[in-house]
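Asks: predicted structure and sequence below. I'll ask about it afterward.
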Amino acid sequence: MNVIELNGLHQGYRGKPVLRGVSLSLEKGVYGLLGPNGAGKSTLLRVLATAAAPQEGTLRLFGGEVRTRGEVRAARRRIGWLPQSFGCPPAFTVEDFVRHCAWLREIPAGRIPEETRTALARVDLLDQARTPMRKLSGGMVRRAGIAQATLGSPAVVLLDEPTTGLDPRQRMQFRSMLRELGGSACVVLSTHIVEDLAHSAPRLGVLHGGRVVFDGTPRELADLAHEQAPGDTPLEQGYSVVLGQDTGLSTSSGAHG
Ligand SMILES: Nc1ncnc2c1ncn2[C@@H]1O[C@H](COP(=O)(O)OP(=O)(O)OP(=O)(O)O)[C@@H](O)[C@H]1O
């Protein structure tokens, strides 16, 4: 059974289309979502998080529909989501913030202290547990956001540009955490940093022009590289080639989906 089954999603804002027929079938493991600014990555993640209902198309999570209020609520208990930006009351400490998220996710009260500690340890923020959120650096806020998304071992983890602001050491730690998460959950991660996905996402998708223009392994993406394509690594060059399809920069393609 696929954990996420999305079929023919059309989504937009005030009549302006953003996604034009996106279909995705995802099982356990890490799926990396790439695409240029405005491609619709966050829009897609919002639909998968059930924060926006599909305007056209169907979403099934854990083998079931998510249309009624009860179905959405049940699904959300099993979804961890790091949105691109999130707010938090200024007086909240890091621990308050993560505990509050645990409460919102309806994690049983008795489990919240333990789950909070585990989540903070996962992103190396235990020492900052009592620091007010407003005093954290941008990278630390991002790590607190990642921590709350992993609370309670969710079956689906949706991470919207999680590595923004992380320093190189934290980025490496994040990659190994991602591999660990992917062992037990369906993780969808959007990023602009192609190399973040090279060793941690066995499968990648590229959104462009409202559609999935590539769906395959990092190796398959790198195999599309050619010398003239912009990029410092074969993966980046393959990504450029896929994006160049529409502008005639390249004729090669491994795209499907
Ligand atoms: N709430 C909104 N109201 C109106 N338009 C929106 C809204 N959210 C996103 N958009 C528009 O939808 C398009 C897709 O945005 P989205 O944030 O999903 O793309 P993205 O791939 O995540 O971009 P980025 O990489 O820059 O974060 C953009 O043109 C954006 O301006």
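Replies: It's in. Residues are numbered from 1 along each chain as shown.

Asks: could you give the number of residues near I146?
Replies: Other residues lying near I146 total 25 when counted by other C-beta atoms under 10 Å. Heads up, the C-betas are built off the backbone N, CA and C, glycines and all.

Asks: am I right that it sits in a helix?
Replies: Yes - assigned with DSSP: H, G, I helix; E, B strand; the rest coil, I146 falls within a helix.

Asks: now the strand or helix carrying Q173: buried residues?
Replies: Taking DSSP states H and E as the definition, Q173 sits inside helix 168-182. Neighbour-count burial for helix 168-182, counted by 16 or more other C-beta atoms under 10 Å, picks out Q170, R171, Q173, F174, R175, M177, L178, R179, L181, G182.

Asks: how about G64: what's its closest non-neighbour residue?
Replies: Distances taken as C-beta to C-beta, 6 or more residues apart in numbering put E71 closest to G64, at 6.6 Å, once the chain neighbours are dropped.

Asks: just checking, what packs against the helix or strand where L9 lies?
Replies: Using DSSP H and E, L9 falls within strand 4-13. Packed against strand 4-13, as judged by 3 or more C-beta pairs under 8 Å, 6 or more residues apart in numbering; DSSP states H and E, are the following elements: strand 16-26, helix 41-48, strand 56-61.

Asks: in the first one, what's buried?
Replies: Neighbour-count burial for strand 16-26, with 16+ other C-beta under 10 Å as criterion, is recorded at V18, L19, V22, L24, L26.

Asks: name the surrounding residues that touch the helix or strand just after that strand.
Replies: The element immediately downstream of strand 16-26 (helix or strand, assigned by DSSP H and E) is strand 29-34. The set of residues external to strand 29-34 that reach it, using C-beta atoms under 8 Å, 6 or more residues apart in numbering, is 24, 41, 44-45, 178-179, 181-182, 186-192, 194, 196-197, 200-207, 218, 239.

Asks: now do stretch 104-123
Replies: Contacting residues not belonging to stretch 104-123 are listed as 76-77, 80, 94-95, 98-99, 102-103, 126, 129, 143-144, 146-148, 150-152, 154, 173-174, 177 [C-beta under 8 Å, 6+ apart].

Asks: which of these are buried, as a ChimeraX select command?
Replies: Buried residues within those, as defined by 16+ other C-beta under 10 Å, are selected in ChimeraX through the command that follows:
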select :76,80,94,95,98,99,102,126,129,143,144,146,147,148,150,151,152,154,173,174,177
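
Asks: circling back to that earlier point, in helices only, show me the contacts of strand 29-34.
Replies: In this view, the contacts of strand 29-34 that belong to helices under DSSP state H are K41, L44, L45, L178, R179, L181, G182, P218, Y239.
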